[in-house]
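Colleague: the sequence and its predicted three-dimensional model are supplied below.
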Amino acid sequence: MGAGLNSALALLNGLVGDELERRGNGLVTPMACVHRGHPIAIDREALAGAYTEPTPRVVLLVHGLMCTETVWKFQQAEGHGQDRDYGALLADDLGFTPMYLRYNSGLAIADNGKNLSDLLEALLVAYPVALEEILLIGHSLGGLVVRSACEQARASSQRWLALVRRAIFIDTPHLGAPLERLGRIAAGLLRAVPDPYTRLAADIGDLRSDAINDLGDADLRHEDRARRRVGIRSTGWRHPVPLSSAFAHYVIAGTPPPRRPLAAALNDLLVPESSVTAQHMAVPPHRLRVFPGVGHLQLARHPEVYAQIRAWCEEAV
Amino acid sequence: MTKLTFTRWRGLVDLARDGVVEASRAVERVHLETAGRPFGVLARVPVVAPPAALVRTIHDTTVAAVHAVIRVTARATGAALDVALHAAERFAVPPDRYP
């Protein structure tokens, strides 16, 4: 029941998590680091109990919309045991201590970014040994939450940001998701029709969470919402928050197998390559890798993707 | 392993209650707007306008009353389940760990 319940809660939080939070509903998933399926408090005693051999290098894996930390788990068919994931492999190969974030993915990206920034600042103080490096890996929306946290940490001079040398973004729509912008247009059209049923359909569409709304233009700060785009093209638009110059950014993108045209079309609307590869945001070519034939979720648990992540982490920055 | 704790059970009850209340409001709005169209037409016909207005008043009042009963029932059921969950929690959780 645990995994099914977690998935159901993740789905519900992603869909309407902002409303659940506003109403103080008990189904909200608070942001926490999860160790072996259990959230752990960010205090020295709890961390020392959970991580018996903490290392000075920590990797934090941040899942995407409507997911949990289980998105990182390799399937048997994907070349590793079921308990393996990028965090565990980085622990074995490069000595990182893996930490997995679980959070209410329906909250505004800026709110989750603030919560993550505060959590990392608390981790800096409570971690059992002196932290030397924090590696951030975000999948899909999780990458935007990472960017928002970094932006807010920069603005409020939080200390943890100085420990970040690399951030890896896996299929993160840095320039927004056209599907959400299409949804806005559809809702506007439905609302313009003078009919109670179409207005009801628009109202139902508007129930989608703040995070889904933010995905349209990759809004990392609350103030960014004031300049939302009309239209679904991802090119020819500049994101108001540049990539941080304080550390190296690595970008991983994928495309679904060509034999699945519907998945490919959906992929183009959710995470088009031009948005994921952050065109105009000056990611150097050697820090950008596209995996043809690897779909959105598979990118979070794929042996070749891991090999690339490991290679980047072994590079000096 | 995540469990369906009492907090989550209460969340589930709240979600179901809020869902019924909000759905009832939306359906009531659609119902009244839809019925308002033919009533609006009839209101322009001199002979049938007065009885149509009376029928509309009865109709709208009935719709509002039915949906009000639905919402009150949902809230009352939610409150009763909340009390039951609190009682079950007191029974299940040792007194020194009860919040």
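Modeller: Here it is on my side, so go on. Numbering: from 1, shown residues only, chains lettered A, B, ... in the order given.

Colleague: ok, now which ones touch residue A:260?
Modeller: residue A:295 (CB atoms under 8 Å, 6 or more residues apart in numbering or on different chains). C-beta coordinates here come from the backbone N, C-alpha and C atoms, glycine included.

Colleague: phi, psi of it?
Modeller: phi -120, psi 80 (degrees, to the nearest 10).

Colleague: what's the closest non-adjacent residue to the residue of chain B found nearest chain A?
Modeller: Here chain B gets closest to chain A at one residue, residue B:11, 3.0 Å apart by CB to the nearest CB. Distances taken as CB to CB, 6 or more residues apart in numbering or on different chains place residue A:26 nearest to residue B:11, at 3.0 Å, with adjacent residues excluded.

Colleague: please, which helix or strand holds residue A:100?
Modeller: Using DSSP states H and E, residue A:100 maps to strand A:97-102.

Colleague: okay, now the unreliable bits of chain B?
Modeller: Along chain B, the model assigns pLDDT under 70 to residues B:1-3, B:94-99.

Colleague: strands along that one, start to end?
Modeller: Under the criterion DSSP state E, chain B carries no strands.

Colleague: which ones are touching residue 43?
Modeller: This is for chain A. Contacts of residue A:43 (CB under 8 Å, 6+ apart): residue A:126.

Colleague: let me rephrase: I mean chain B.
Modeller: With CB under 8 Å, 6+ apart, residue B:43 has these contacts: B:49, B:52, B:53, B:56.

Colleague: quick check, the residue nearest to residue B:11 in contact with residue B:85.
Modeller: No. Here residue A:26 does not reach residue B:85: they are 10.0 Å apart, not a contact under CB atoms under 8 Å.

Colleague: who touches both of these two?
Modeller: Common neighbours of residue A:26 and residue B:85 (CB under 8 Å, 6+ apart) are B:9, B:10.

Colleague: can you give me the helices for chain B?
Modeller: In chain B, the helices defined using DSSP state H lie at B:6-42, B:49-92.

Colleague: now do the shortest one and helix B:49-92, the angle between them.
Modeller: In this structure, helix B:6-42 runs at an angle of 180 degrees to helix B:49-92, with axes from the mean of the first three to the mean of the last three CA atoms, to 10 degrees as the basis.

Colleague: how long is stretch A:133-152 end to end?
Modeller: End-to-end distance for stretch A:133-152: 19 Å, by CA to CA, to the nearest Å.

Colleague: state the mean pLDDT of that stretch.
Modeller: Stretch A:133-152 comes out with an average pLDDT of 97.

Colleague: residues of it that come out buried?
Modeller: Buried residues in stretch A:133-152, counting neighbours by 16 or more other CB atoms under 10 Å in any protein chain shown, are found at A:134-152.

Colleague: which ones, among these, also lie beside chain B?
Modeller: Filtering these for proximity to chain B by CB under 8 Å from any CB of the partner chain leaves nothing.

Colleague: excluding its backbone neighbours, what's nearest the closest residue to chain B within the stretch 101-250 of chain A?
Modeller: Going by CB to the nearest CB, chain B is nearest to residue A:196 of the stretch 101-250 of chain A, at 3.9 Å. Spatial nearest neighbour of residue A:196, excluding adjacent residues (CB to CB, 6+ apart): residue B:33 at 3.9 Å.

Colleague: near chain B, which residues of the stretch 101-250 of chain A?
Modeller: A:196, A:197, A:199, A:200, A:203.

Colleague: could you tell me which of these belong to helices?
Modeller: A:196, A:197, A:199, A:200, A:203.

Colleague: just say which of the helices of chain B is most tucked in.
Modeller: Of all those, helix B:6-42 carries the top mean neighbour count, a mean of 16, counting by mean count of other CB atoms under 10 Å in any protein chain shown.

Colleague: name the helices or strands packed onto that one?
Modeller: Counting contacts by 3 or more CB pairs under 8 Å, 6 or more residues apart in numbering or on different chains; DSSP states H and E, helix B:6-42 packs against helix A:2-22, helix A:196-205, helix B:49-92.

Colleague: the residue nearest to residue A:56 when sequence neighbours are not counted: what's it in contact with?
Modeller: In space, and not counting its chain neighbours, residue A:56 is closest to residue A:132: 3.9 Å by CB to CB, 6+ apart. Applying CB under 8 Å, 6+ apart to residue A:132 gives the contacts A:56, A:57, A:163.

Colleague: just the helices in chain A please.
Modeller: Going by DSSP H, chain A shows helices at A:2-22, A:44-50, A:86-94, A:109-126, A:141-155, A:178-192, A:196-205, A:210-215, A:261-270, A:273-276, A:303-314.

Colleague: specify the stretch among those that is closest to residue B:64.
Modeller: Evaluated with CB to CB, the helices of chain A place helix A:196-205 nearest to residue B:64, the distance being 15.6 Å.

Colleague: now that closest one: how far from the chain's centre is it?
Modeller: Relative to its chain's centre, helix A:196-205 lies at 30 Å (CA atoms, centre = their mean, to the nearest Å).

Colleague: how about that helix: buried residues?
Modeller: Buried, per 16+ other CB under 10 Å, within helix A:196-205: A:196, A:199, A:200, A:201, A:202, A:203.

Colleague: any idea which of these is closest to residue A:116?
Modeller: Among these, and counting by CB to CB, the member closest to residue A:116 is residue A:203, at 31.4 Å.

Colleague: please report the distance of the closest one from residue A:101.
Modeller: 32 Å (CB to CB, to the nearest Å).

Colleague: low-confidence ranges, the stretch 1-150 of chain A, go.
Modeller: A:1, A:76-82.

Colleague: residue A:238: neighbouring residues, count only.
Modeller: 9 (other CB atoms under 10 Å in any protein chain shown).

Colleague: hmm, who's touching stretch A:148-163?
Modeller: A:109-110, A:112-114, A:116-117, A:120-121, A:123-124, A:131-134, A:136, A:164, A:167, A:220-221, A:241, A:244, A:246.

Colleague: can you give me the end-to-end distance of that stretch?
Modeller: End to end - CA to CA - stretch A:148-163 spans 16 Å.

Colleague: how distant is that stretch from the center of its chain?
Modeller: For stretch A:148-163, the distance to the chain centre is 17 Å (CA atoms, centre = their mean).

Colleague: and what of stretch A:104-120?
Modeller: 10 Å.

Colleague: buried residues, it. List them.
Modeller: Here stretch A:104-120 shows A:104-120 as buried, counting by 16+ other CB under 10 Å.
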